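**Student:** can't give you the sequence, but here's the structure:
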């Protein structure tokens, strides 16, 4: 085992809380599809969510920001807890064969360092955070265990370790409900966009087609969009209106939720 | 220290995950007010949320149900996670004086059992669950550390330990947002109720007055209420309509959320 890795694992056991971890569902949007940032384990065709541990001297939220920044290079993004996963069997939900592959990979990578393997395979309660980021501004980089860090379409996920499919599914359920009371789109769409662009994003999250005029009426009523004047150029009368987010109103809705009553 | 308590604390250290706890915000509704179930520590005028630890062989959700049942006698209630609190300073947010009182109380109660005091005062990440229960069906009972378990009005909370005020505040924020996309009222209101009763409940959660006709229009549109025929008795034409929850529709909305788009 190379020295850097040995120091790295010793540091984790020394500095981090045992039994608590963080998993980040980092979502972006491109080609009218939601994408997720995944890591591929070294020498195994097994993928996982970016994650990590909580330092003893660090808030859990700080740890989530640190992990997000390490994997994406981004530090000021919308990042929020969505659920804590505490099932006793959560590390064992996948097949026995996968369990064996994971154990062998850990042994190989950590040169049979049984103390660390025991630490890292103890029961973990993991808190899921999700981030919505601008893919174009992200600079994905893998961690020690991994050789790839890539954006993957949600519609075509590779094989994921343990319960990471469930964590993603729970996050998407959360997002689908949340879209009803929080605005979405900042950092996912370009600065100026059409109503159709926004509708496509909502349809990608909700996974259903929406009625155009109904969508426009409802979204405008929420008041977080600025409409821009059309440029008076040749043929421009046929161009659709462009919109941008009203940052102040957007932030207010993120903080307090959209008021139904 | 009496034997039962000694066995109890030894059992906790042996059987439970270190560093992870659960705190339950158990809410009821009476006299047009939200009430919360709190415990008072023995010989101290310090109150806390019902809480506990997670057994090594138990899911975190099971632990929350177990704690709720031990404190209320209720086992089939709406119980859900709302947030996990992982601030490094969370056990120290209250005054130094309170910190001293807590330490002294633990020492007194546990006869200076330093091993348990160290265990119980280590850094804990706590997951907040909230339950909405029928006060009349509950049978509050204190735990080992406490001599009282009582319903308290949210508008008149006693002094709470460490960050329990913040946990309650976060839960109420969550509930205020959630009421916009999930139905509320089952187990909080009697089987049949008037529109005014339901509006008062919503006003108690949202902490603001609502317009009567607007509220009625919006709530009826969500479709989770059954309206009952008025009884044809003397003067009955002046009596308000009675409503009850349509359990199937209510459950569907709880599971999938109220669809805005």
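**Tutor:** Done, it's in. Please read all numbers here as calculations on a predicted model, not as lab measurements.

**Student:** roughly how far apart are residue A:13 and chain B?
**Tutor:** 14 Å (CB to the nearest CB, to the nearest Å). C-beta: built from backbone N, CA, C; applies to glycine.

**Student:** same question for residue A:118.
**Tutor:** If you go by CB to the nearest CB, the gap between residue A:118 and chain B works out to 15 Å.

**Student:** what strand or helix carries that residue?
**Tutor:** helix A:114-120 (DSSP states H and E).

**Student:** now that helix, how far from the centre of its chain.
**Tutor:** Centroid separation between helix A:114-120 and its chain, computed with CA atoms, centre = their mean, to the nearest Å, is 27 Å.

**Student:** contacting residues around residue A:22?
**Tutor:** Contacts for residue A:22 (CB atoms under 8 Å, 6 or more residues apart in numbering or on different chains) come out as A:51, A:52, A:53, A:54, A:60, A:63, A:64, A:67, A:126, A:127, A:128, A:129.

**Student:** surely it is in a helix?
**Tutor:** No - counting by DSSP: H, G, I helix; E, B strand; the rest coil, residue A:22 is not found in a helix; it is strand.

**Student:** need the contact list for residue A:250.
**Tutor:** Contacts of residue A:250 (CB under 8 Å, 6+ apart): A:183, A:186, A:224.

**Student:** can I get those residues in JSON lines with neighbour count, secondary structure and distance to chain B?
**Tutor:** Shown next, in JSON lines, are those (neighbours: other CB atoms under 10 Å in any protein chain shown; DSSP: H, G, I helix; E, B strand; the rest coil; distance: CB to the nearest CB, whole Å):
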{"residue": "A:183", "neighbour count": "22", "secondary structure": "coil", "distance to chain B": "12"}
{"residue": "A:186", "neighbour count": "18", "secondary structure": "coil", "distance to chain B": "18"}
{"residue": "A:224", "neighbour count": "23", "secondary structure": "coil", "distance to chain B": "14"}
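
**Student:** how many other residues sit next to residue A:246?
**Tutor:** 16 (other CB atoms under 10 Å in any protein chain shown).

**Student:** picking up where we left off before, next, the buried residues of the helix holding residue A:118.
**Tutor:** A:116, A:117, A:119, A:120 (16 or more other CB atoms under 10 Å in any protein chain shown).

**Student:** so which of those is the closest to residue A:136?
**Tutor:** residue A:120 (34.0 Å; CB to CB).

**Student:** the closest one against residue A:106, yeah?
**Tutor:** Yes - taking CB atoms under 8 Å as the definition, residue A:120 is a contact partner of residue A:106 at 6.6 Å.

**Student:** so where do the strands sit in the stretch 51-200 of chain A?
**Tutor:** For the stretch 51-200 of chain A, the strands defined by DSSP state E, counting those that start in this stretch cover A:51-55, A:78-85, A:125-132, A:146-153, A:193-194.

**Student:** what is the helix holding residue A:118 packed up against?
**Tutor:** If you count contacts as 3 or more CB pairs under 8 Å, 6 or more residues apart in numbering or on different chains; DSSP states H and E, helix A:114-120 packs onto helix A:3-15, helix A:96-109.
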